[in-house]
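Trainee: dropping a prediction and its sequence here:
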Amino acid sequence: MSRVDDELTKALEESETIAKTEPAYGVSVESPSPKRKGNRGLLAALLVMVIGILSLVFLSFKNAAVYAYQVDQAVKEQTKLTGRNIKVQGILTRGTLVRRDQPCEYRFTVESKGVKLPVRLPACVVPDTFRDVPGMDTEVTATGTLTAAGHFEATHVMAKCPSKYEMRDRAEKGERAPHLQMQTTTSL
């Protein structure tokens, strides 16, 4: 055997002797720590908190959703939708927009597929685009609740502006911008 082989064999024997008598660096031979039980308790507490937060979120948003219905759908499903917060969409029925000063409120009718729904909006101000303009349909979206009496109590109203292409076509025919004409409302 060569001298290198002898040295390797001797080094191997020494390392085996040391390994048997002393533990490896960084490895402890102690019994399992009692921290394991604390980790389980922490995990259980976090799990309970996550379940609580998720249930709170899902239960809170259950009644917060606002669904949009066309007027004919809302009237058809009136018993199911009564008292729920919904949006109704339709066309303003010409000549029905009425404003009352004391107390401030607007009353009008919206329709869809021939079905009409009276709307009451207790507000003094409505959007500028919400006008009863002759010869022009005004698309309306009202948010509120459907009553058992068959009318809609609105809390908010939005009116869609006519498209710029419709306005351009009307201007080419010589018509003045109909959306800028005077608002035609009557008072109660």
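Mentor: Received it, and whenever you're ready, just let me know what you need. Numbers count the residues shown, from 1 in each chain.
Trainee: would you map the strands across this protein?
Mentor: 67-70, 85-92, 98-100, 105-112, 115-121, 139-146, 152-160, 186-187 (DSSP state E).
Trainee: check the offset of the third one from the chain's centre.
Mentor: When C-alpha coordinates are averaged (CA atoms, centre = their mean, to the nearest Å), strand 98-100 and its chain have centres 32 Å apart.
Trainee: and it, which strands flank it?
Mentor: Strand pairing for strand 98-100, determined by DSSP bridges: strand 105-112 (antiparallel), strand 186-187 (parallel).
Trainee: who touches the first one?
Mentor: Right, the one you point to is strand 105-112. For strand 105-112, contacts defined as CB atoms under 8 Å, 6 or more residues apart in numbering pick out 70-73, 88-93, 96-100, 116-123, 126, 132, 140, 142, 152, 157, 185, 188. All C-beta spots, glycine's among them, are computed from the backbone N, C-alpha and C.
Trainee: switch the cut-off to 6 Å
Mentor: 70-72, 90-91, 93, 96-99, 116-122, 126, 140 (CB atoms under 6 Å, 6 or more residues apart in numbering).
Trainee: mind pulling up the pLDDT for Leu188?
Mentor: Leu188 is assigned a pLDDT of 55 by the prediction.
Trainee: cool, and Gly90?
Mentor: Looking at Gly90, its pLDDT stands at 91.
Trainee: need the longest helix for the chain.
Mentor: Across the chain, the longest stretch assigned as helix under DSSP state H is helix 35-62.
Trainee: quick one on the thing from earlier: Throw the strands of the chain into TSV and include distance to Ala19 and mean neighbour count, thanks.
Mentor: Formatted as TSV, those follow (distance: least, CB to CB, whole Å; neighbours: other CB atoms under 10 Å):
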stretch	distance to Ala19	mean neighbour count
strand 67-70	73	14
strand 85-92	75	20
strand 98-100	96	16
strand 105-112	87	21
strand 115-121	87	19
strand 139-146	78	20
strand 152-160	79	17
strand 186-187	101	9
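Trainee: nearest to Asp6, out of these?
Mentor: strand 67-70 (88.8 Å; CB to CB).
Trainee: parallel or antiparallel, list what pairs with that closest one.
Mentor: As defined by DSSP bridges, the strand partners of strand 67-70 come to strand 85-92 (parallel).
Trainee: contacts for the partner strand?
Mentor: For strand 85-92, the external contacting residues (CB under 6 Å, 6+ apart) are 66-71, 74, 110-112, 137-138, 140-143, 152.
Trainee: before we move on, what about stretch 120-131?
Mentor: Residues from elsewhere that reach stretch 120-131, judged by CB under 6 Å, 6+ apart: 104-107, 153-154, 157, 159, 161, 183.
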